[in-house]
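Peer 1: Fold the following for me, if possible:
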Amino acid sequence: MALTKDHLMTSIHKKLGLPKSKSVKLVESLLETMKMKLELGEDVLISRFGKFCVKSKSARRGRNPATGEDLMLGSKRIVTFKCSPVLRDKVNGEG
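Peer 2: Numbering: from 1, shown residues only. Coordinates of the predicted model:
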């Protein structure tokens, strides 16, 4: 099962005892701040969790799988995630 924004809000509401409206604002504010920094091309580092990085991909040749036609794919920016060693150890049962 995927972790959704609603699950995050409910978890914060229960664990911290915050009102549901404050939990919603907290999660929304956190995600908006992260999106804003990534849009500016800045990395987002969350200690003991991981790092979200913006990488640039240059234009490259591609192929339409339906027709086999060659085409040029434009350059773009993508977001990557690299987990911290602490998170990796927990996922692998070593933490």
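Peer 1: And the protein, what are its domain boundaries?
Peer 2: In terms of domains, the chain is parsed into 1-38, 41-95 (source: automatic domain parsing).
Peer 1: Look at Glu69 and say how many residues are nearby.
Peer 2: Using other Cβ atoms under 10 Å, Glu69 is surrounded by 9 other residues. In short, each C-beta sits where N, CA and C put it, glycine included.
Peer 1: That one contacts Arg63, doesn't it?
Peer 2: Yes: judged on Cβ atoms under 8 Å, Glu69 makes contact with Arg63 at a distance of 7.0 Å.
Peer 1: packing partners for whichever strand or helix holds Glu32?
Peer 2: Under the criterion of DSSP states H and E, Glu32 resides in helix 20-39. The helices and strands touching helix 20-39, judged by 3 or more Cβ pairs under 8 Å, 6 or more residues apart in numbering; DSSP states H and E, are helix 5-16, strand 44-46, strand 50-57.
Peer 1: okay, it in PDB with CA atoms only?
Peer 2: Only the C-alpha atoms of helix 20-39 are listed here, as PDB (Å, rounded to 0.1, in the frame of the first residue of the first chain):
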ATOM      1  CA  LYS A  20      -6.600  17.700  11.900                       C
ATOM      2  CA  SER A  21      -6.600  21.200  10.200                       C
ATOM      3  CA  LYS A  22      -3.100  21.900  11.600                       C
ATOM      4  CA  SER A  23      -1.800  18.500  10.400                       C
ATOM      5  CA  VAL A  24      -3.200  19.300   6.900                       C
ATOM      6  CA  LYS A  25      -1.500  22.700   6.900                       C
ATOM      7  CA  LEU A  26       1.800  21.100   8.100                       C
ATOM      8  CA  VAL A  27       2.000  18.500   5.400                       C
ATOM      9  CA  GLU A  28       0.800  20.800   2.600                       C
ATOM     10  CA  SER A  29       3.400  23.400   3.700                       C
ATOM     11  CA  LEU A  30       6.200  20.900   3.800                       C
ATOM     12  CA  LEU A  31       5.400  19.600   0.300                       C
ATOM     13  CA  GLU A  32       5.000  23.100  -1.200                       C
ATOM     14  CA  THR A  33       8.400  24.100   0.300                       C
ATOM     15  CA  MET A  34      10.000  21.000  -1.200                       C
ATOM     16  CA  LYS A  35       8.400  21.600  -4.600                       C
ATOM     17  CA  MET A  36       9.400  25.300  -4.600                       C
ATOM     18  CA  LYS A  37      13.100  24.500  -3.900                       C
ATOM     19  CA  LEU A  38      13.100  21.700  -6.500                       C
ATOM     20  CA  GLU A  39      11.600  24.100  -9.100                       C
END
